[in-house]
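[1] no letters, just coordinates:
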Ligand code: C2E
Ligand code: MG
Ligand code: MG
Ligand code: MG
């Protein structure tokens with residue numbers, strides 16, 4: 001190896017690292033600005049009860065339309081927010097907007113309607129999390145809405161004693177827990193027994209494997225396991241009628257996906273609720 005080659009390689013590596021760092025930094029700056037300016041809005045994706053066919057709730061999903069970048073997907077900005085404290089500001093801002101939406105009074109939600117909010121593990125681990133829970137629980141209780149925290153494990157982190165304490169705290173404030181993206185990543189069986197969720201969301205990856213004529217024993221087993229543990233099940237990413245039929249035949253509790261609706265801005269969600277025929 002010549003010195004020249006090594007120098008050239010070092011130069012290229014340094015440039016790549018620098019580019020990545022500035023790119024991340026600029027996305028961070030843009031994100032911080034967008035959160036402050038309330039440019040990231042909650043969208044609502046209906047959750048359908050498989051037994052009664054009524055809309056039993058909605059998942060809140062963050063939507064960012066940037067002036068120049070256009071639509072920035074959550075898979076791009078949520079990881080940036082999670083590496084910094086921005087996820088806390090973002091979640092706070094989304095909840096404030098959700099409350100504004102509900103207080104417009106353009107739609108009356110049935111008592112006990114579930115509003116599912118994605119909570120990042122880094123937020124859960126934050127010292128201020130209990131205060132966050134204490135602040136928001138009474139607000140949603142007064143609106144007659146049941147808050148559900150969707151928790152997903154993106155890193156393999158053990159649930160410590162302090163974390164177990166927080167989970168108990170969430171439950172005593174009347175907030176439910178859903179284990180998100182079940183079956184992918186680190187959402188393992190130990191995580192279920194530590195988190196003691198009220199429901200499990202079966203990841204879209206498994207729902208996609210349902211076909212017209214072949215059984216998907218993995219899904220059947222997850223539903224069966226959940227039932228034995230008194231845990232409800234939701235299927236994510238339901239897009240086709242045969243997936244609905246299969247999941248219902250196998251006793252799923254709740255359905256979510258483009259088959260019913262994409263995530264909607266609140267006005268469109270209110271229209272969806274008014275027009276949704278139970279059938
Ligand atoms: P998730 O919590 O698993 O949310 C479900 C994702 O699947 C959403 O993607 C939703 O738009 C999409 N989806 C729903 N039904 C279908 C379907 O039938 N087909 C397909 N192909 N996709 C479907 P989205 O909104 O892009 O969000 C991606 C992820 O970003 C979420 O996955 C969640 O982990 C995270 N995320 C989104 N908003 C927030 C937020 O406010 N806070 C936190 N902490 N994470 C969020
Ligand atoms: Mg979710
Ligand atoms: Mg999910
Ligand atoms: Mg997912």
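    Happy to help now that I have it. Just so it is clear, the model here is predicted, and its values are computed rather than measured. Ligands and ions are numbered 1, 2, ... in the order given.
[2] which residues does the most centrally placed residue in the chain bridge with?
    By C-alpha atoms, centre = their mean, the chain has its centre lying nearest to residue 118, at 3.5 Å. Beta-bridge partners of residue 118, counted by DSSP bridges, are residue 150.
[3] what residues does it make contact with?
    Residues near residue 118 by C-beta atoms under 8 Å, 6 or more residues apart in numbering: 59-62, 150, 152, 180. Quick note: C-beta positions are derived from backbone N, CA and C, even for glycine.
[4] same check, this time on residue 147
    114-115, 117, 136-137, 140, 174-176.
[5] any figure for the gap between it and residue 58?
    Between residue 147 and residue 58 the distance, using C-beta to C-beta, to the nearest Å, works out to 12 Å.
[6] ditto for residue 276
    With C-beta to C-beta as the criterion, residue 276 and residue 58 are 12 Å apart.
[7] and the residue of the stretch 151-279 of the chain nearest ligand 2?
    Nearest residue of the stretch 151-279 of the chain to ligand 2, counting by C-beta to the ion: residue 180, 4.3 Å away.
[8] give me the subset of the contacts of residue 118 that also touch ligand 1.
    Checking these against ligand 1 by C-beta under 6 Å from any ligand atom, the ones in range are 61-62, 150, 152, 180.
[9] and the residue nearest to residue 36 when sequence neighbours are not counted, helix, strand or coil?
    Counting by C-beta to C-beta, 6 or more residues apart in numbering, residue 36 lies nearest to residue 89, which is 7.9 Å off, once chain neighbours are set aside. Classification of residue 89 using DSSP: H, G, I helix; E, B strand; the rest coil returns helix.
[10] residues in contact with residue 89?
    Residue 89 neighbours (C-beta under 8 Å, 6+ apart): 32, 35-36.
[11] and for residue 187?
    152-153, 179-181.
[12] residue 241 reaches residue 260, doesn't it?
    No - the criterion here is C-beta atoms under 8 Å, and residue 241 misses it with residue 260 at 11.1 Å.
[13] of those two, who's got more company?
    residue 260 (17 against 10; other C-beta atoms under 10 Å).
[14] hmm, back to that, residue 276 and residue 58: who's more crowded?
    The residue with more neighbours, out of residue 276 and residue 58, is residue 58; 27 against 15, by other C-beta under 10 Å.
[15] low-scoring stretches of the stretch 101-250 of the chain, by residue?
    The stretch 101-250 of the chain contains residues with pLDDT under 70 at 155-158.
[16] nearest to ligand 1 within it, name that residue for me.
    residue 118 (3.5 Å; C-beta to the nearest ligand atom).
[17] now that residue: how far from ligand 3?
    Counting by C-beta to the ion, to the nearest Å, the separation of residue 118 from ligand 3 is 8 Å.
[18] what parts of the stretch 101-250 of the chain come near ligand 3?
    Proximity of the stretch 101-250 of the chain to ligand 3, by C-beta under 5 Å from the ion, involves residues 180-181, 201, 236.
[19] of those, which belong to strands?
    180-181, 201 (DSSP state E).
[20] skipping adjacent residues, who's closest to residue 171 in space?
    Per C-beta to C-beta, 6+ apart, closest to residue 171 is residue 177, 7.1 Å.
[21] skip ahead from the helix or strand harbouring that neighbour and say which helix or strand is next.
    Assigned by DSSP states H and E, residue 177 belongs to strand 176-182. Downstream of strand 176-182, the first helix or strand assigned by DSSP H and E is helix 189-195.
[22] rewinding a little: could I get the ones in strands among the residues of the stretch 101-250 of the chain next to ligand 3 in CSV, plus columns for neighbour count?
    CSV is the format used below for those (neighbours: other C-beta atoms under 10 Å):
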residue, neighbour count
180, 25
181, 20
201, 26
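[23] now render those residues as CSV, adding distance to residue 40.
    Converted to CSV, those look like this (distance: C-beta to C-beta, whole Å):
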residue, distance to residue 40
180, 19
181, 21
201, 22
